[in-house]
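Enquirer: need coordinates for the below:
(chains A and B)
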2 protein chains.
Amino acid sequence: MSARLEAQFAFLNEADRLKSVLRATTLCDGSRVENSGEHSWHLALYALVLADQAAPGVDINRVIKMLLVHDLVEIDVGDVPIHSANGAAHGSADTQAAESRAADRIFGILPNDLRDDLRAAWEEFEAAETAEARFAKALDRVQPVMANLQSGGGTWTTYNVTAEQLDSRVGAKIAKGAPHVWAWVREKTRLYFK
Amino acid sequence: MSARLEAQFAFLNEADRLKSVLRATTLCDGSRVENSGEHSWHLALYALVLADQAAPGVDINRVIKMLLVHDLVEIDVGDVPIHSANGAAHGSADTQAAESRAADRIFGILPNDLRDDLRAAWEEFEAAETAEARFAKALDRVQPVMANLQSGGGTWTTYNVTAEQLDSRVGAKIAKGAPHVWAWVREKTRLYFK
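Expert: Numbering: from 1, shown residues only, chains lettered A, B, ... in the order given. Predicted structure coming up:
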């Protein structure tokens, strides 16, 4: 038992480092960039509040579980902004391989049952094949859009993003998991891009 | 529908401000103080990882829901550290009244069904009467202990906390919701306080 607790807390202490991983997106007030720990909290709250926008039958608790662990690999790899390298860095084969090694190391700190359980949640999120994962991905994409709208442009300005790039890099993923949300949010973004 | 989405996103944008509420506790590496947004994420992850330490029958998803919303009132009231004012400020009648007004305002931004649902989760956490709330409270108390152990004293040094004060202000609450965790963590704290 105490070896188990030792491993559980070693993982939770390691996870603390996600609070020091910086994203490209700022807070809504533009005061500083967001870190991946607080971003993960915000997304879990998004899931609670926007649950009625998920496809029928979606298990919102599994969505929340995915969102709580989805960025842990960034402790080793860092955040790769969607719009960086003209949209080519995020999801590249190199990034995926590095993230897989990070998952081995970080989830590997846990007792085996928990390692397998949380690793599976991360894999499900990455694969984006289940309705739960598609909704989780949609939230992960829409939250920075809201921050950019609040802060007056944010990463769209940083990376000279066009309306068409927003639609293809971001909107398509949101539309897959939360179509009504994208229809509503897209309208708002047209005011910025006009 | 679009009025509903407007209210849901107004709440989620307001919640963003929790990332700017600073706590007394530092990150595990001592580099800076923690904010209440990232703290809330860390606690939800604690619940996922330490679920086997909850009382039999505890619904861990309700624990996570409580933890995701438990600090939102701090947007208006700020964080009141456990050990500040020699342990007398946290949970005072004045603080409770201010937090209740904050809950009215912040949860009140939501559509009524969501307002009632998330407000109820916050009230349940505050009352600490259900097994779920007691486990959530235990996690809220144990996470800063782990940060202090990692960072070499943290708020125990800041506020000149004694081992007896830690037992009464913090340990008693952890023991109520997660007795084995407190037995294990208390041992570790004795090395610091010896």
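
Enquirer: now do the one helix or strand A:Glu38 maps to against helix B:36-49, angle only.
Expert: Following DSSP states H and E, one finds A:Glu38 within helix A:36-49. Angle, helix A:36-49 to helix B:36-49, by axes from the mean of the first three to the mean of the last three C-alpha atoms, to 10 degrees: 70 degrees.

Enquirer: what's the offset of helix A:36-49 from the middle of its chain?
Expert: Relative to its parent chain, helix A:36-49 has a centroid offset of 9 Å by C-alpha atoms, centre = their mean, to the nearest Å.

Enquirer: is stretch A:24-31 anywhere near chain B?
Expert: Yes - using C-beta under 8 Å from any C-beta of the partner chain, we find that stretch A:24-31 touches chain B at A:27-29, A:31. Quick note: C-beta positions are derived from backbone N, CA and C, even for glycine.

Enquirer: ok, and what's touching that stretch?
Expert: Contacts to stretch A:24-31, defined as C-beta atoms under 8 Å, 6 or more residues apart in numbering or on different chains, come from residues A:32-34, A:39, A:79, A:81, A:83-84, A:143-144, A:146-148, A:150-152, A:154-155, A:158-159, B:13, B:16-17, B:19-20.

Enquirer: now do the strands in chain A.
Expert: Counting by DSSP state E, chain A has strands at residues A:22-26, A:33-35.

Enquirer: what about the shortest one, near chain B?
Expert: Meaning strand A:33-35. Yes - contact of strand A:33-35 with chain B (C-beta under 8 Å from any C-beta) involves A:34-35.

Enquirer: show me what that strand is packed against.
Expert: Secondary-structure packing of strand A:33-35 (3 or more C-beta pairs under 8 Å, 6 or more residues apart in numbering or on different chains; DSSP states H and E): strand A:22-26.

Enquirer: got the buried residues for the strand it packs on?
Expert: A:23-26 (16 or more other C-beta atoms under 10 Å in any protein chain shown).

Enquirer: could you pull out the buried residues of the helix or strand of chain A with the lowest mean pLDDT?
Expert: Across the helices and strands of chain A, mean pLDDT, DSSP states H and E gives its lowest value to helix A:155-158, namely a mean of 91. Within helix A:155-158, the residues that qualify as buried are A:155-156, counting by 16+ other C-beta under 10 Å.

Enquirer: does that helix reach chain B?
Expert: No - Helix A:155-158 lies apart from chain B when judged by C-beta under 8 Å from any C-beta; the minimum separation is 15.4 Å.

Enquirer: who are the neighbours in contact with the nearest residue to A:Ala131 once chain neighbours are set aside?
Expert: The shortest distance from A:Ala131 to any non-neighbouring residue, by C-beta to C-beta, 6 or more residues apart in numbering or on different chains, is to A:Ala55 (4.6 Å). A:Ala55 makes contact with A:131, A:134-135, A:177, according to C-beta under 8 Å, 6+ apart.
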